[in-house]
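J.: have a look; sequence and predicted model below, questions after that.
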Amino acid sequence: MNRLIKIYRNLELNSAAFDDLREKWIVTDPVLVRAVFNKFLVSNGLRIDGSKPTLDFVKQKVQDIYKGEVFIDLRKRYYDDEIDMFRFYSESKVLKNADSIDFFFDPVEDYVRIQDIVGPENYSLLKSQRYAFNDVSKTYYDEKLSYKFDIYFSLLDPHLTFYNFTTNDKNKYLISAFGKWGYDKIKVPGWFSPTYNAGLRVTYIDRILNNRPNDIFTFDIGMGVAVSQPFVDKLVPHGKRHFMTGQNIYFNAKGNFLKYAGDYWRDFDLNLEASLTLNTWEPGQIKHVSEVSNINSIRNYFNLGLERKNFLDLNGFGYLGANLGFGLYEVKNYLLDPSQPNLSEIPSATSSSKFYVQASGIFSKDDPLFTYAFEPVVFYNIAESNLYYGVNLSFLISNSFGFSFKYYSGVVIGSDPMPTYRDEAYVVFSPMIRINY
């Protein structure tokens, strides 16, 4: 048998000098890990030092798979796309070094054998990388850059990942350009907002070998651009529009910052979003107004939210979660006269600062074939005694094509009418196209 193995190995093109440059990646998609592991069980392909593992040991690893704590380490041959190394592993949640990784079964180091065990369909899926994975390939310059880029087209919140790298400690950084139209938390979505925020996004993935969604931190910093508002009433001063009246800076941070406070908070994400207007423009700088008018403007905005997506496992339907938040935004009313050098603020009988609370349920599923998020939402403006309720819905098929839809309807709780800058209902939507390469 050893002689046959030696002959078989000699038939393969020797590329030992390029071993460190072979493409390597880690499968983190829990559904795919389960499917492939089950193929190994059915095919009797699991070995430890060449022998079959005990039933108790296999049952223990099955439990680890249920918890999402088992991953797959893969490597392609240098001269083609065939996978020539496959191994399951898990790692310590505490240690962050090489000793924390446990390759608990023998690796399979032949693409014919790998394909025979997992089947042609799963093998093709593993090669195509159309699932949740992390590229840890080494480059020619030993910077551990990855070759994976992400383009996400959407009218409401597009992004383009143009640079990323992995550190020696297997922490990953993604650098992206982003755009965001509207402020969903205060129910001024998409094209109902005159401001399109755009800038730079930094995404930090803490320890990609144990990559859970809540180990991802994102930081956005950008500035607003005044844009036209399609589908919105254009009558001025009678239309329910508001305008960008100064240059703003935009900031958004989201991540599992609370995990450092204790293990109980590990599944909770904090979200801080803010926009600060730095100056006040002259009347001639206000877009889309050329006559004497009363205009409204949302000048500043702050939101703090707490979110958990996995309160309840819905099995094949994903997870049930929730989001709670509160915040403050500032609305000012101006007299715009094109013949005057400055805007004139119109005094208001009430405070320009509006305090609110908001909440949503979250039904979500993250799967390589179908990803969706359905969020019933409610928003209550304490200062103005009005309430908005509605839904956010988005889905993505095969991680490539999808659709986003948002609808909010408002009702007055107190005796005061709906403010002039508000609409009774908001509807925005956008197709989504995602390209990974």
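T.: Arrived safely, thanks for sending. Numbering: from 1, shown residues only.

J.: C-alpha only now, for contacts and for neighbours.
T.: Noted.

J.: in this structure residue 85 contacts residue 76, no?
T.: Yes - when contacts are counted by CA atoms under 8 Å, residue 85 is listed as touching residue 76 (7.0 Å).

J.: more crowded one of these two?
T.: residue 76 (20 against 17; other CA atoms under 10 Å).

J.: in the sheet, who's paired with the more buried one?
T.: Using DSSP bridges, the beta-bridge partners of residue 76 come out as residue 83.

J.: that one reaches residue 109, doesn't it?
T.: No - using CA under 8 Å as the test, residue 76 is too far from residue 109 to be in contact (10.1 Å).

J.: quick check: buried residues in the host helix or strand of residue 164?
T.: With elements delineated by DSSP states H and E, residue 164 resides in strand 159-166, which encompasses its position. Within strand 159-166, the residues that count as buried by 16 or more other CA atoms under 10 Å are 159, 160, 161, 163, 164, 165, 166.

J.: cool, and stretch 272-287?
T.: Applying a neighbour-count criterion of 16+ other CA under 10 Å, the buried positions in stretch 272-287 are 272, 273, 274, 275, 276, 277, 280, 282, 283, 284, 286.

J.: which ones are touching the nearest residue to the last one once chain neighbours are set aside?
T.: Nearest residue to residue 286, sequence neighbours excluded (CA to CA, 6 or more residues apart in numbering): residue 245, at 6.2 Å. Residues counted as contacts of residue 245 (CA atoms under 8 Å, 6 or more residues apart in numbering) are 280, 281, 286, 297, 299.

J.: likewise for residue 323?
T.: Taking CA under 8 Å, 6+ apart, we find residue 323 in contact with 305, 306, 307, 308, 359, 360, 361, 362.

J.: again, but for residue 385
T.: Residues touching residue 385, when contacts are defined by CA under 8 Å, 6+ apart, comprise 412, 413, 414, 416.

J.: switch the cut-off to 10 Å
T.: If a contact means CA atoms under 10 Å, 6 or more residues apart in numbering, then residue 385 has 356, 411, 412, 413, 414, 415, 416, 417, 418 as its contacts.

J.: quick one, what contacts residue 309?
T.: For residue 309, the contacting residues are 213-214, 267-269, 318-323, 361-365, taking CA under 10 Å, 6+ apart as the criterion.

J.: help me confirm that residue 329 comes into contact with residue 298.
T.: Yes - at 7.1 Å, residue 329 counts as touching residue 298 under the criterion of CA atoms under 10 Å.

J.: show me which of the two is the more surrounded one.
T.: Here residue 329 and residue 298 are set side by side on neighbour count (other CA under 10 Å), and the busier one is residue 298, at 25 against 19.

J.: what's the closest non-adjacent residue to that one?
T.: The shortest distance from residue 298 to any residue other than its chain neighbours is 4.5 Å, reached at residue 331 (CA to CA, 6+ apart).

J.: might you report the residue contacts of the one you found?
T.: For residue 331, the contacting residues are 242, 296, 297, 298, 299, 300, 301, 351, 352, 353, 354, 421, taking CA under 10 Å, 6+ apart as the criterion.

J.: could you report the pLDDT at it?
T.: At residue 331, the pLDDT value in this model is 92.

J.: residue 222 sits in which helix or strand?
T.: Using DSSP H and E, the secondary-structure element containing residue 222 is strand 216-226.

J.: done for today, thanks.
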